[in-house]
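Novice: Okay, sequence plus prediction incoming.
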Amino acid sequence: MSVRAVALLSGGLDSMLAIRVLQLQGIEVEALNFQTKFACCQSQAAQAADELGVQLSVLAERDDYLEVIRNPQHGYGRGANPCVDCRIFMFRLAAQRMRDTGAAFVASGEIVGQRPMSQKKRDLAVIAHRAGLTDHLLRPLSAKLLPPTAPEQQGLVDRDQLYGFSGRGRKELIELAKQFGFTRIPQPSTGCALTEPQFGAKVHDLLDHDPSAVAWDFDLLKIGRHIRLDAVTKVILGRRAEENERLTRLFEQRPSERTLLVSPENFIGPTALVVSTGAAPDEEALRAAGGLILRYAGGEKPSPMATVRRSATTTITALQSSAETSASI
């Protein structure tokens, strides 16, 4: 009976190499890809799985993942990235998959010292322990720098055929990929949006003003300019036609007395979505949104009018420029 393992597969070079190392030992691998609204280049996982010839199981983001972002026990990085807690969350799901499928262990492409927030030796040990995988989480690319895991001790995996990579360099990894006959060397991805300080500022602003924010609120963070009017109200402005359409769709998905949508009627300009965590946006908020639309609209705007959509009504209103300044997030 062949040895089976569950391996996390992002689609990047490291995770592909880790899986190939196991395959060369005759281990049957099921690849697991965890998708979040914040990760980039997730479509690479399917292509990588096809190249490796492994079954790919995709786990969509769950509501409880947002709790990881709200209250990370191990803190944030430079942005709003709870890297250690995020890894623990993903490996817990992988551990459950291991148990459900009868696999012998979980593997990942993590490399000692590659990521300062989550891949120091101490962090790797904490992640494995907190995920319930203390001696059943194998990192094939750095295994020789770490204590032997259960599958190595039990003879399921030959430790001599594992590696001792460390640090952020890719040269040796690329050489190994060529030895393995990889025809495509994935470029480093832009990673997770939560690591970006500018995006992280939006996340922290949201959580500071609305600790109970739901998935819809986080989806908004990826769109447009975010301008805070006061402690309970902010305006999101589309920066191009595609973002205007996305703001409209999100408004329609969650019509509420606490949101209103303002769209140019007789001129070209950004759509504005006004979101409140308190009472319904009032006329002052509407005037501020209108002023922002005019500020960012191009060309002449004689007698500008806008369509205002609330949860149950639609009206046409005249817009006036506003000299008020607001804080951009």
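Specialist: Sure, I can see it. Because the structure is a prediction, the values reported are computed rather than measured.
Novice: Could you report the neighbour count for the residue lying closest to residue 251 once chain neighbours are set aside?
Specialist: Nearest residue to residue 251 in three dimensions, chain neighbours excluded: residue 261, at 4.5 Å (CB to CB, 6 or more residues apart in numbering). Using the backbone N, CA and C atoms, a C-beta is placed for each residue, glycine as well. By other CB atoms under 10 Å, 22 other residues sit near residue 261.
Novice: Go ahead and produce CSV holding the CA coordinates of the helix or strand where residue 261 lies.
Specialist: Applying DSSP states H and E as the criterion places residue 261 in strand 259-264. Extracted C-alpha coordinates of strand 259-264, given in CSV (Å, rounded to 0.1, in the frame of the first residue of the first chain):
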residue,chain,number,x,y,z
THR,A,259,-25.5,52.5,2.3
LEU,A,260,-26.3,54.8,-0.7
LEU,A,261,-24.9,54.9,-4.2
VAL,A,262,-24.3,58.1,-6.1
SER,A,263,-23.7,58.0,-9.8
PRO,A,264,-23.1,60.9,-12.3
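Novice: what's the spacing between stretch 301-313 and its chain's center?
Specialist: 34 Å (CA atoms, centre = their mean, to the nearest Å).
Novice: what comes into contact with it?
Specialist: Outside stretch 301-313, the residues within contact range by CB atoms under 8 Å, 6 or more residues apart in numbering are 251, 255-257, 259-267, 269, 280, 286, 290, 293-294, 297, 314-319.
Novice: Tell me the buried residues in stretch 25-37?
Specialist: For stretch 25-37, a neighbour-count test (16 or more other CB atoms under 10 Å) marks 27, 29-34, 36-37 as buried.
Novice: quick revisit: now do the contacts for the residue nearest to residue 251.
Specialist: Under the criterion of CB under 8 Å, 6+ apart, the neighbours of residue 261 are 247-248, 251, 271-274, 307-309.
Novice: neighbouring strands for the strand holding residue 261, and are they parallel or not?
Specialist: Here strand 259-264 is paired, per DSSP bridges, with strand 272-276 (antiparallel), strand 305-309 (antiparallel).
Novice: In the last one, which residues are buried?
Specialist: Within strand 305-309, the residues that qualify as buried by neighbour count (16+ other CB under 10 Å) are 306, 308-309.
Novice: what do you get for stretch 186-205?
Specialist: Here stretch 186-205 shows 186, 191-196, 199-203, 205 as buried, counting by 16+ other CB under 10 Å.
Novice: and stretch 159-175, average pLDDT?
Specialist: Predicted confidence along stretch 159-175 averages 95 (mean pLDDT).
Novice: those helices in this structure, which residues are they?
Specialist: 13-23, 44-52, 65-70, 83-101, 121-130, 150-153, 171-179, 197-209, 215-220, 241-253, 283-296 (DSSP state H).
Novice: Pop out the phi and psi values for the nearest residue to residue 288 once chain neighbours are set aside.
Specialist: Closest residue in space to residue 288, ignoring its immediate chain neighbours: residue 229 at 5.4 Å, by CB to CB, 6+ apart. Here is the backbone geometry of residue 229 (degrees, to the nearest 10): phi -90, psi -40.
Novice: Show the pLDDT at residue 229.
Specialist: The model's pLDDT for residue 229 equals 95.
Novice: re earlier: and the contacts of stretch 301-313, which are buried?
Specialist: Counted by 16+ other CB under 10 Å, the contacts of stretch 301-313 give 251, 259-264, 267, 269, 286, 290, 293-294, 297, 317, 319 as buried.
Novice: okay, among those residues, which ones form the most distant pair?
Specialist: Longest distance between any two of those is 23.0 Å, between 259 and 267; criterion CB to CB.
Novice: what about the closest residue to residue 23 other than its chain neighbours, distance to residue 183?
Specialist: Closest residue to residue 23 apart from its sequence neighbours, by CB to CB, 6+ apart: residue 29 at 6.2 Å. Computed as CB to CB, to the nearest Å, the residue 29 to residue 183 distance reads 19 Å.
Novice: And stretch 154-165, what's buried?
Specialist: For stretch 154-165, by 16+ other CB under 10 Å, it's 156-157, 162-163, 165.
Novice: returning to that earlier point: could I get the contacts of residue 261 as JSON lines with distance to residue 98 and pLDDT?
Specialist: As requested, the contacts of residue 261 are exported to JSON lines (distance: CB to CB, whole Å; pLDDT from 0 to 100):
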{"residue": "247", "distance to residue 98": "41", "pLDDT": "97"}
{"residue": "248", "distance to residue 98": "43", "pLDDT": "96"}
{"residue": "251", "distance to residue 98": "42", "pLDDT": "96"}
{"residue": "271", "distance to residue 98": "46", "pLDDT": "97"}
{"residue": "272", "distance to residue 98": "48", "pLDDT": "97"}
{"residue": "273", "distance to residue 98": "43", "pLDDT": "97"}
{"residue": "274", "distance to residue 98": "47", "pLDDT": "97"}
{"residue": "307", "distance to residue 98": "53", "pLDDT": "94"}
{"residue": "308", "distance to residue 98": "53", "pLDDT": "95"}
{"residue": "309", "distance to residue 98": "49", "pLDDT": "95"}
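Novice: Good, we can wrap up now.
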